[in-house]
Each structure stands twice: as C-alpha cells, then as structure tokens.
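In: I'd like to go over a predicted model; first the sequence, then the structure.
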Amino acid sequence: MEQAEVRATLASFALVLVLMAAYYILRPVRDAMASDWTDAEVSWLWTFTFFFSAVAVSLYGAAVARINVRRLVPGVYGFFALSFALFYLGTQLLEDRTLVDKSFYVWVSVFSLFHISVFWSFMADTFSQPQSTRLFAFIGAGASVGAIAGPALATLLAGQGNTDPLLLIAAATIIATLPLVIWVQRLKISDLGNTGVTAGQDDFEYIGGNPFAGFAEFISNPYLLGIGLFIFLYTSIGSFVYFELKNLMADYSRAERAQIWASVDLVVNTLTLMIAMFATGRIASRMGLSFTLASVPVVIGLGMLMLMAAPAVATVVLLQIVRRAGNYAISRPAREMLFTAVDRETRFKAKPVIDIVVYRGGDMLNAWGFTALTQGLGLGIAATAGVGAGIAFLWAGTGIALGRAFKRKAEAGQAVPADP
C-alpha cells in the first residue's frame, strides 16, 4: 500500500465494515419474526421476496443507466436508511403491526441484494485496476469484521427485551456510511488522483443485468445445469433447517429468538473467517474439488440423521452453523472455482440466472415443499429431517459429479484462471 493510498483504503475498509454491521443488526430481527407465522405464511413471504427482488434488480439496472455513480451510491444508502427508520416508526405507531413486520421481513432480503454489490461498484469507480489488485483483499476484510461486529452488537442489545430499537440503530448505522462515501469520493481526486477512473456498465452487470436473458445459455449447458442443481439442493437444505429452527423457537420471546439468530450469525461469521484463512485453500488443493464440494453436504446429511434421533433446538442451531459456515468458507469458494471452466461471456450470462432465479426461486419452491410436508402431510421434525438427509446426500453426489466434470475440463484445457 503506497502512502497516497492509505486514507482512501482505510476509509473504504471502514465503509464496508459499517455496511455489513448494519445488515447483521437487521438480519436477526427479521428472522426472529418468522416464528410468529405459520410455514405457509413464511412461504408466501419467500414467494414475494423472489418476485420483488427480480423487480427491484430491474429497476436498479434502469437507474444505473441514468444516474452517475457519484449520486447513485449515497442515494441508495440514504434511501435504505430512511426506509428502516420508517419501519421503526410503523412498529411504534400502529397497533396491528403484522403488515409492517411482514413487509420488513421481505425488505431486509431486498437490502441484502444491494448493499455489498453497490459498494463494490463504488470501489470500481474509485480505484484503478492496478490498485484494486493490491488493495481490494484488504478492503474486503472490512466486510468480515463488520459481519462479526454487527451480530455481536445485536446479541447484546436484543437482551434488553425489545428488538424494535435495533431498526433505528441500523438506520443510523447506514446513515453513518454517507460521510464515508463523500470522503472516499474526495480522496479519489485529492489522494489517488484517479480522475479518469469511472465505473462502467460492466461493473454493474451482475446486479443490474436481466436475470432472464441468460436462460438459453443456462438450460443448453449441462455443466451449468449441474451448478444450478447444486445450488438448488443447497437452498433445499437451507429451507429445511431454517423452517425447523423457526418452528422450534415458537415458544421463545421475539427478543430471545433475535439473540439466538444473532449468536448464530456471530459464530458463523467468526468460523467463516478462520476457516477461509487457514483451511479452505488447503482442502481444495490437497483433497480435490469433488471432495471439497461434497464435504459440507455429507456433514449436513449426518447432522440430519442426528436430528431424526434427537429433535432439539440445539441440534438445529448446530446444523445451521455448520451449513452456513461451511457454505461461506468451503462450498461457495469451491462453487466459484467451477465457473473458471467456462468463458467469461457464458459466466456473466449464467450468473444472474443461477444467483437470482435458481437461488431465490429455490428458496421459494423449497419453502412450499417444506410447508407441504408439515402442513399438508403432517410430518413431524424427525420425518422431515429424514427427507432432508436424503436431499443432503443427493447434494453431495451432485458435488462429486461437478468436481469430476471440472477435472475433465481442466485436463482438456477448458478451465481458465478466474478474472481478477
């Protein structure tokens, strides 16, 4: 890091730290609400999230084409801060807050699509390509710190017995990003001298792209379909574990639930950072991609069998921690490696389909699948855990097959280094 880059780098580090902290203050508040609703009600909310996210991404794509990044970034963050402040007012002024709570539940999921994507687009508008290669890893570490600080604060404050003030705290935290954004914009000129650096349309391609435009590419490529199936099965397990935990916590107060969810986030994000630093690269390089992709699903499958034998909150909490930490630190990096076996154009066309349509659509369909098992067929925790175990082992088999396909492509010279 050169002397002229220090202030801009540290300000960017602080900015992403604050953004992630705000999100992880909101997340346990959202998840704590779910235990007040039936499986069908939550499934409807996940359905609304899927469709609303697609609309929001399209609207944002239109905004990107018309608004300068200098105004767009503070505008987006200011808008979300105001929205969460209004949600807080709604919880205080309305006697029946059911609609406010359900709207908030969906809105936090929409916020999760934008806060980090907008940040990295802002970074592309601030730093030159050589600077990004040297500095982005350090800046990105701020997200890991924020992902630990946010749930730690939420865990502490939720213990006061009322989670509503966390909405106001999160809104204030997002507002705190605005002076940092303005400062970074000034440092771009005064310290970095990057007057010619400007984020282009390509820097917003993922979040602003039409997720349906790459469907033909996706369905015509068996390799991409395999990646899509891997992610769909991941969302299946995520839905099963989430709904099981939601139902088991129904007898807890909302503040107690928020503490549990925030504690899970804290442990997950701490474990993710430690595993990513010391283990992920070694696992992939020494054990191979098939083992890496299948390892977390196998552990989850065994955990589901344990849940069949001993249905308890602690067991499901442990499963949630293993699933999410394993995904962030092991499965997701391995999954991204799979995309190095296709060309850049295919990668960008397929990613919106996989990351938005398959992922969010998988959430929606699997939520209704769980609801059908519990409210339709009347299955209990043990029986649904058995179904989940079968899905987990199918997920592991898909990972092994994908790892072998990647190896064949690598041997044929089709795998290429990931773009910087």
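Out: All right, it came through fine. Numbering: from 1, shown residues only.
In: Please, which helix or strand holds the residue nearest to the spatial centre of the chain?
Out: In the chain, the C-alpha nearest the mean C-alpha coordinate belongs to residue 112, at 6.6 Å (Cα atoms, centre = their mean). For residue 112, the host element (DSSP states H and E) is helix 98-124.
In: what about the nearest residue to the residue nearest to the centre of the chain once chain neighbours are set aside, how many residues close to it?
Out: In space, not counting the residues next to it along the chain, residue 112 is nearest to residue 23; the distance is 6.4 Å by Cβ to Cβ, 6 or more residues apart in numbering. Heads up, the C-betas are built off the backbone N, CA and C, glycines and all. Burial of residue 23 is recorded as 24 neighbouring residues (other Cβ atoms under 10 Å).
In: Kindly report the same for the one 4 residues further on.
Out: Applying other Cβ under 10 Å, we find 24 residues neighbouring residue 27.
In: residue contacts, it?
Out: Under the criterion of Cβ atoms under 8 Å, 6 or more residues apart in numbering, the contact partners of residue 27 comprise 108, 112, 150, 151, 154, 261, 262, 265.
In: The helix or strand harbouring the third one vs helix 98-124, what angle?
Out: Secondary structure assignment for residue 150, by DSSP H and E: helix 129-158. Between helix 129-158 and helix 98-124, the angle comes out at 150 degrees (axes from the mean of the first three to the mean of the last three Cα atoms, to 10 degrees).
In: how much distance is there from helix 129-158 to the middle of the chain?
Out: 14 Å (Cα atoms, centre = their mean, to the nearest Å).
In: What residues of the helix or strand just after that helix count as buried?
Out: The C-terminal neighbour of helix 129-158 among helices and strands, as given by DSSP H and E, is helix 165-175. Counting neighbours by 16 or more other Cβ atoms under 10 Å, one finds that the buried residues in helix 165-175 are 166, 167, 168, 169, 170, 171, 173, 174, 175.
In: about what we covered before: export the contacts of residue 27 as CSV, with columns for pLDDT and distance to residue 244.
Out: Formatted as CSV, the contacts of residue 27 follow (pLDDT from 0 to 100; distance: Cβ to Cβ, whole Å):
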residue, pLDDT, distance to residue 244
108, 94, 21
112, 87, 22
150, 93, 24
151, 93, 21
154, 92, 22
261, 93, 14
262, 94, 19
265, 92, 18
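In: how about CSV for those, with distance to residue 28 added?
Out: Below are the contacts of residue 27 laid out as CSV (distance: Cβ to Cβ, whole Å):
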residue, distance to residue 28
108, 10
112, 13
150, 9
151, 7
154, 5
261, 4
262, 4
265, 6
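In: if we take these, which one ends up nearest to residue 315?
Out: When the contacts of residue 27 are compared for distance to residue 315 (Cβ to Cβ), residue 261 comes out closest, at 16.2 Å.
In: ok, how many other residues are close to that closest one?
Out: The burial count for residue 261: 27, using other Cβ under 10 Å.
In: got it, and residue 103?
Out: Applying other Cβ under 10 Å, we find 16 residues neighbouring residue 103.
In: quick revisit: list the buried residues in the helix holding residue 150.
Out: Of the residues in helix 129-158, those scored as buried under the neighbour-count criterion (16+ other Cβ under 10 Å) are 131-132, 135-136, 139-140, 142-155, 157-158.
In: same check, this time on stretch 121-129
Out: 121, 122, 123, 124, 125, 126, 127.
In: Repeat that for stretch 383-392.
Out: Neighbour counts over stretch 383-392 (16+ other Cβ under 10 Å) mark 384, 385, 387, 388, 389, 391, 392 as buried.
In: contacting residues for the fourth one?
Out: Applying Cβ under 8 Å, 6+ apart, one finds that residue 388 lies in contact with 236, 237, 240, 241, 304, 307.
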